[in-house]
Every structure is written in structure tokens, then in C-alpha cells.
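Following is a predicted model, sequence given first.
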Amino acid sequence: MSDANGGGAVVSGLVQARSRSLDDVVARRHVIVCTGAGGVGKTTTAAALAIEAARRGRRTIVLTIDPARRLAQSLGLSRLDTAPRPVPGVDGLDAMMLDMKRTFDEIVERHATSPDRVQRILDNRFYQQLSASLAGTQEYMAMEKLYDLDQTGRYDCIVIDTPPTRNALDFLDAPKRLTDFLEGRFLKMFLSPGIAAGRFATRAVGVGTGLFMRAASRVTGAVVLDDLAEFFQSFEGMYEGFKQRAQAVYHLLQRPDSAFVVVSSPEPPSLREASYFLRRLARDGMPTAGVVVNRVTVAPGGHVGAAPTAELMEAAAALNPDDDIERATAVLLELAIEARAIVGRQQQAIEAAFHGLTPPRLVEVPLAGGDVHDVDGLRWIADHLTGATAA
Amino acid sequence: MTTGARHWRPHLAAERKVTHLVDARTLLDPRVLLVTGKGGVGKSTAAAALAIASVRTGRRTCLVEVEGRQTMRALFNTEPWDFDEREVRQDLFGLSIDPEASLAEYLAMFYGARRLSRLVVNSTAVEFATTAAPGIKDVLLIGKVKEMERRRDPDGRFVYDMIVVDAPPTGRILNFLRAPEATTELVRVGPIREQAQSLIDLLLDPNRLRLQLVTLLEEMPVAETAESAQALTELGVQLNPIIANRVLRPQADAATMKVLADGIAADTLQTVLAGSGFDDPASAHALRHLGEQHLRRLGLQDEMRAALHEGVDVPVFELPYLATRSFAENEVSLLADVISAAVS
Ligand SMILES: Nc1ncnc2c1ncn2[C@@H]1O[C@H](COP(=O)(O)OP(=O)(O)OP(=O)(O)O)[C@@H](O)[C@H]1O
Ligand SMILES: Nc1ncnc2c1ncn2[C@@H]1O[C@H](COP(=O)(O)OP(=O)(O)O)[C@@H](O)[C@H]1O
Ligand SMILES: [Mg+2]
Ligand SMILES: [Mg+2]
């Protein structure tokens, strides 16, 4: 009904996207980043893509972030272990659990100028807060790890999961935010108004630095300045190394043999987030491979799936409620009616979300009967992702 | 065309009996409900349903969104929500709090000159404050909620009888709730420090505020809910009965479910449906599959329900899965019906 009034081009864009699977992505891309809102199946998708890449003879590793307990077990991982481990029963596949806090500590260790400094930073209360709460930090740490793995040259294909975040976009900004932060822009502004005055004045015309300082200190009261000052002093000399690396990570992600796979559920909120994310990736010139709509409800086959709903209702109503089998059959027809309502709602939501956007690929993965937590379950998902089984 | 309805009427999910009715009369008791849960489980939906149910009990209610995602605007099909509380439905007010606006209001409250503070805020002050002490953002949000909770009209009555907050997800809720305390550690003097203490008082008073966990009867949400319930209890906040959302109900009475569980052969289905237009083999196959899937999902859900009851010692209140063509205010209102029935 939506294609009746001139939406033809848009619809055909989606039709084309739907006609392509992630088959070639699994076969050829070097880095695959799975991203999307929380709970939609990023971790599952990442693991499934990795299993498929390994099946095709590529040396593969999957970095997972918060796998369900049984999935972690199937991948041969335990929470305490953050080293790459071979996945039992899958040749050529390693899996690795990512601990974001640990990664941040490692970066500090790598870039700090002396062991003494490392310890001072790690002990700093401010650092502890920062590593947990600066927006995008966690996501960025995942990308750092990705870069490390790439540098080892041991893998043809690196599949990476991203943490569940409020804002799936944060990590693209994270390197900049982090370096800005570490360069102490805020601190300098706070401690020595003179230095910052020029920059600040151009940003907020008409409001003097002194006024800003007064406002800022009113807001923060007296933030423990010692902690802050020490923190920035400890980071002195690290900025350059840090910045260069952030750049390198960014460029790795931008390479044409990298791929972003945006995972979504078929519900409007996560679809909205997915479409927002597609736009954002495009803006940053990131190589978007496509969208995975996971856990979709599949339309029933046969006439039951094709006939008008009213006919199904009629057929159900015509059955004899006093006969066990007929009554049960009516219930099955009712299940079909419900399934079709859900299919309708989901498909409409998908069309609405990607209206005017043309993701290169759009793949649907059906809702499985149960949780997906073993290699067989992941292969089932992978078959849908690569088009070996149509959804 | 549905003349046969006298024989058999498809019963919509929402009309079905709530089979796992717990004592949920306390659901709407506190004055502030912070609704949280794993991403995507239906926090916003539950928050909206609770707010609607609250209005129906005659309470003037405010529904608050804190992450600026405009979920409620989409749900209620209204203008975008912003920092000005507005009546979106009779006695139901809507507000979207963002930290920038809270900060501006806060500065204006303490120092006057709203226009000026907005300017300052729009510069880098917020970025500064929130980066230097990340909890400040959360303190400002909770501070706004507290202000609304305490606010009285000229004749001394509370302006809002109920405030329902679509709060951050469980992954962030602990930091969110700890923010006032963390702030008292980082900020030793000044107005924020003083305010932080009064926020801690609000968070820990079970008569004023409770946490509303929302979950699905699925493995990961249940595990996360159990963990959060424990951590929240340790923190000293009071939990409301937990809401399990999107709960699938058996499609029929026990006897009929038994017939389904025994399985109906494809050719039997074809015979029963002969002449209805649905006696093709593919339809029989699809129907059998739907039946099996339905039973399997119910089985899994039972396991997860058991795991949830084992993991938390708070009552669980279930909201049905609505298999409707769309999901909007009307559906939320159906969920509110279920809540209304439980609290009356
Ligand atoms: N009881 C229900 N029956 C059927 N569908 C539901 C039900 N509750 C929620 N949904 C669907 O799930 C979607 C997600 O719900 P909602 O936005 O409330 O989740 P959320 O927990 O707030 O998500 P987020 O973590 O992204 O904020 C809704 O848009 C709706 O389509
Ligand atoms: N297609 C599917 N069908 C059924 N369950 C699924 C499917 N995909 C994922 N799941 C389940 O959903 C839950 C969340 O998946 P997960 O991959 O951990 O999400 P995320 O990483 O996005 O938070 C897991 O329990 C997983 O088994
Ligand atoms: Mg995950
Ligand atoms: Mg929400």
C-alpha cells in the first residue's frame, strides 16, 4: 500500500538490498564490525559470521563482549580469560573475550613514559571514573583491540562485536573525545583562563572567560582539583602516541576491506537506531556492508500465509468447537493470524525505518525456536546471513 | 463475514486471563518510579503503561524521558517532548529531560539570569562539568525529578501524585543511582554537594521512590535482571514487583493445548480444513510448524520464569505479548488495562 504513491524508487532500493546477502562479505572482508542497539543479536551475529568465515578456510578470530553464558561456553571462553582461544570443534577459528577496562589499562601501559607513571595513572580515582564513564570509551577500546589483532597479521578475518550502548554512534567520536580530553582542553580552561580565553571567546561570543569560570566552578563546586591535576600531569607526553594510534584505528575502519554490519531487531526503536547509524556511517565515510534484521517473524507458507485474514477467521469460526481436533485446528489458524499480524507490523517498521536509505544489503534472520547458544545454532544463523537459507 | 463467531471467537491476547497474577496492588504505591531493564525489553512501553494506569486511578502523573530519544513522542504521536512539562493527555504530563536544560535551570534557580546561564551552558560548561565529574549529569537528572516530586501548588498539594521515569538501562542504572554519592565524594562543598545529599535521601526512601525492573522471560534479560535486583537491593533502593513483558500466553485452554501437544497429523489437518481453502499441503505444514513453535516457546518461557523466580525474591508481574498489527498508544493502553486490573 505504501508503494502506491510514488515510493517506487525507495522500495526498489530496499528490494535490491534484500536481494544481496552477506555471503561476499564473509568471503572477502578483512575486518567486520557488528554494531547496533543492545540485545538485538550483535554478539550472536558476530559469532555466526566468524564461524562461516572459518568454514571457508579463512583464519578468523571473533572478539566478543558480553556473550550469554552458554554462548561463551560454546566458544570455549570464560569471563576471566581475555586471550585468544581456539573454538572447540571449529577449525581455524579463535575467539576472544574483551575486557574494556583491561584494554584501557594496557594503552596506558603502552604509552606512559615510565612504570611509575603507569601506576600513578592506574591508581588515580579520576582515571578509574573516566575509563568507565567517558562516552564512547568502551567502544573505542574494542577498536583498539581490533587494531592490535590486525597488527599481528595472524588473521584473514577479524569479526568484532560492540558493547551495548546508549548511543551506538559514540565510538566514532571516541578517539577525538578521548584525545581532546587527554589534551586537557577543559583543564587548561579551568586552571588558566588566560590560555583558553582566545579559543573560548570564539566559541561563545559575548560571554567572558571569567564568567564561564565562575559558572563552571559553581556547577562543580570544588571538584577535587588535586586528583584532576595529577591525572593530567601523568598523561603529559602520552598525547601524541595516543592520537596517532587513534588515527590509525580510524583509518583501518575506513578501509574498503572493512565492513560495518548494523544489527537490529524488527521493532521500531532499534530500527530507528539502525537507520540513524547508517546515516552516521555514511557521513564518516565508513564502509557499510548492510543491515541484519534479526529475530524476524516469518510468514506462514501455503494459502494460510497468502489468503486474506478474513478468510482465515471465517475458516476458524466454521470449525466445530466441540470437537477436539477441530477446536485445536482453529487455534492453529489463530496462531497463523497472529503471526501474520506480526509479520505485517515488522515489515512495515523495516520499510519505514529505511525509507530513503539504501543499505547495500538487507538480510533477515528469523526468530529461532530457542536461544542460540551452540555452534549448530550459530551455523543456522550463518546460513540465513549468507543466503544459504532464505528467511 | 465472521458470522460463525457464535461457535468460536478468536480471543485476543489482551483479553486472555492473566494466569500468573501476583499481588501487584503495590505496583503504583510510590510517588516516583524509576523504570529500568536491559535494552529493548520494553522499559519505555512499561513506563508509559504504568503512567496511564496511574492516571486512571485519579492521580496527576508525569511521564519523564531522560535519554532524549523521543520514544514517547513516537508512542503517543505528539509533538516532540522537551524540557517544558506539558499535558499530553488529560492529567498525563510529558517531559523530556536533558542535562543541558537541567543545568540551565539549575543555574537559573541558584543564580537567576536564565538567559545568561543558557548561553554559558551552550558553550562548553556542560561538557566541562560532565567530563570532569561524569556523575554530575545524572545528579542533575535526579535533581530535576526531585524538584518535581517536592513541587506543590499554591494550596500546598503536591503538583504530581506520580512521576514515572523511563530511566537508563540496567547497564547504567547503578552508576546513575550512585551519582549523588559519588558527587559528594568528588565535590566537597557548594550547592551541588548539598543537593546531592537530599537526592540520596529520595533514592533511599521506599515510600517516595522505587525501582521498577522490566524484563523478558528470556535467558539474558533474566540473568541481567537477577544480577541487577541484587545489586540494587544492596544499594538500598526499594524494588517494585518486577514486570515481565511480552509474555506469551497459551493460545487456548489446557485441554486444547494438550491436543496440540499430542500433535495433529498433516493429513488430518487437510481433512479438517477440506473445502475451507486451506487444505493445501503447504498450509498443513505451516500450521503444524506454528503449533510446535508455540509450544516450544511456552516451554522455554516456563524455564525462564522458573529461573527468574529463583534469581529474585521480588514478586513478578506479567504483561502479555501483544500480537497486534501495530504497536502504539492503543497497545500501551491495553497493557495499562492489565496493570489497572491488578492494582484495583
Ligand atoms: N507487551 C508487548 N507486546 C508486544 N510488543 C511489545 C510489548 N512491549 C514492547 N513491545 C515492542 O517492543 C518494542 C521495544 O519496546 P520499548 O521501546 O519499550 O523498549 P525499551 O526497553 O524502552 O528499549 P530501549 O532499551 O531501546 O530504550 C516496542 O516498540 C514494541 O514494538
Ligand atoms: N535469531 C535469533 N533467534 C532467537 N534468539 C536469538 C536470535 N539471535 C539472538 N538470539 C538470542 O537473543 C539474545 C541476545 O543476543 P546477543 O547476540 O547477546 O545480543 P547483543 O549482543 O546484541 O546484546 C541471546 O540470548 C541470543 O541467544
Ligand atoms: Mg552482546
Ligand atoms: Mg526506551
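Looks like it arrived, so ask away. Ligands and ions are numbered 1, 2, ... in the order given.

show me the biggest helix of chain A in terms of residues.
Longest among the helix segments of chain A by residue count, using DSSP state H, is helix A:324-353.

quick one: buried residues of it?
In terms of neighbour count (16 or more other C-beta atoms under 10 Å in any protein chain shown), helix A:324-353 has its buried residues at A:325-351, A:353. The C-beta positions use only the backbone N, C-alpha and C, and glycine is treated the same way.

Please see if it touches chain B.
Yes. Helix A:324-353 comes into contact with chain B (C-beta under 8 Å from any C-beta of the partner chain), by way of A:324-339, A:341-342, A:344-345, A:348.

average model confidence for the host helix or strand of residue A:47?
Per DSSP states H and E, residue A:47 falls inside helix A:42-55. Averaging the model's pLDDT scores along helix A:42-55 yields 96.

For ligand 3, tell me whether that helix is touching it.
Yes. Judged by C-beta under 5 Å from the ion, helix A:42-55 and ligand 3 are in contact via A:42-43.

Could you list the alpha-carbon positions for that helix in CSV?
Only the C-alpha atoms of helix A:42-55 are listed here, as CSV (Å, rounded to 0.1, in the frame of the first residue of the first chain):
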residue,chain,number,x,y,z
LYS,A,42,25.2,-8.4,17.7
THR,A,43,27.2,-11.0,19.7
THR,A,44,25.3,-13.8,18.0
THR,A,45,25.7,-12.3,14.6
ALA,A,46,29.4,-11.7,15.1
ALA,A,47,29.9,-15.3,16.2
ALA,A,48,27.9,-16.7,13.3
LEU,A,49,29.8,-14.6,10.7
ALA,A,50,33.1,-15.8,12.2
ILE,A,51,32.1,-19.4,12.1
GLU,A,52,31.2,-19.1,8.5
ALA,A,53,34.4,-17.3,7.6
ALA,A,54,36.4,-20.0,9.2
ARG,A,55,34.4,-22.7,7.4
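
Pull the distance from that helix to the chain's centre.
A distance of 14 Å separates the centroid of the chain from that of helix A:42-55, by C-alpha atoms, centre = their mean, to the nearest Å.

after it comes which helix or strand?
Following helix A:42-55 in sequence, per DSSP H and E, is strand A:60-64.

any idea which strand is longest in the chain?
This is for chain A. strand A:288-296 (DSSP state E).

right idea, wrong chain: chain B
strand B:209-216.

Please enumerate residues in contact with that one?
Contact partners of strand B:209-216, identified using C-beta atoms under 8 Å, 6 or more residues apart in numbering or on different chains, comprise B:29-38, B:41-43, B:46-47, B:50, B:149, B:170, B:173, B:202-203, B:221-222, B:224-225, B:228-229, B:232, B:237-240, B:242-246, B:308, B:314.

if we can go back for a sec, now do the buried residues in the helix holding residue A:47.
A:42-55.

and ligand 2, which of those reach it?
The residues of the buried residues of helix A:42-55 that also fall near ligand 2, by C-beta under 6 Å from any ligand atom, are A:42-44.

element containing the closest residue to ligand 3 within the stretch 201-350 of chain A, please.
Distance from ligand 3 to each residue of the stretch 201-350 of chain A (C-beta to the ion) is smallest for residue A:263, at 9.5 Å. Using DSSP H and E, residue A:263 maps to strand A:258-264.

Direction included, what does that strand pair against?
strand A:31-36 (parallel), strand A:288-296 (parallel) (DSSP bridges).

ranges for the strands of chain A?
Under DSSP E, chain A gives strands at A:31-36, A:60-64, A:85-86, A:93-97, A:157-161, A:258-264, A:288-296, A:362-366.

mind putting those in a markdown table, mean neighbour count and distance to residue A:109 included?
Compiled in a markdown table, the strands of chain A are given as follows (neighbours: other C-beta atoms under 10 Å in any protein chain shown; distance: least, C-beta to C-beta, whole Å):
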| stretch | mean neighbour count | distance to residue A:109 |
| --- | --- | --- |
| strand A:31-36 | 27 | 24 |
| strand A:60-64 | 26 | 20 |
| strand A:85-86 | 16 | 23 |
| strand A:93-97 | 24 | 19 |
| strand A:157-161 | 27 | 22 |
| strand A:258-264 | 27 | 27 |
| strand A:288-296 | 25 | 34 |
| strand A:362-366 | 22 | 40 |
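
Residue B:178 is nearest to which of those strands?
Closest to residue B:178 of the strands of chain A, according to C-beta to C-beta: strand A:93-97, at 25.9 Å.

Check what pLDDT residue 301 gets.
Since you didn't name a chain, this refers to chain A. At residue A:301, pLDDT is 95.

think we crossed wires, I meant chain B
For residue B:301, the pLDDT comes out at 96.

Please, which helix or strand holds it?
Using DSSP H and E, residue B:301 sits in helix B:281-311.

that older thread, among the strands paired with strand A:258-264, which is nearest residue A:63?
With C-beta to C-beta as the measure, strand A:31-36 is the member of the strands paired with strand A:258-264 nearest residue A:63 (9.8 Å).
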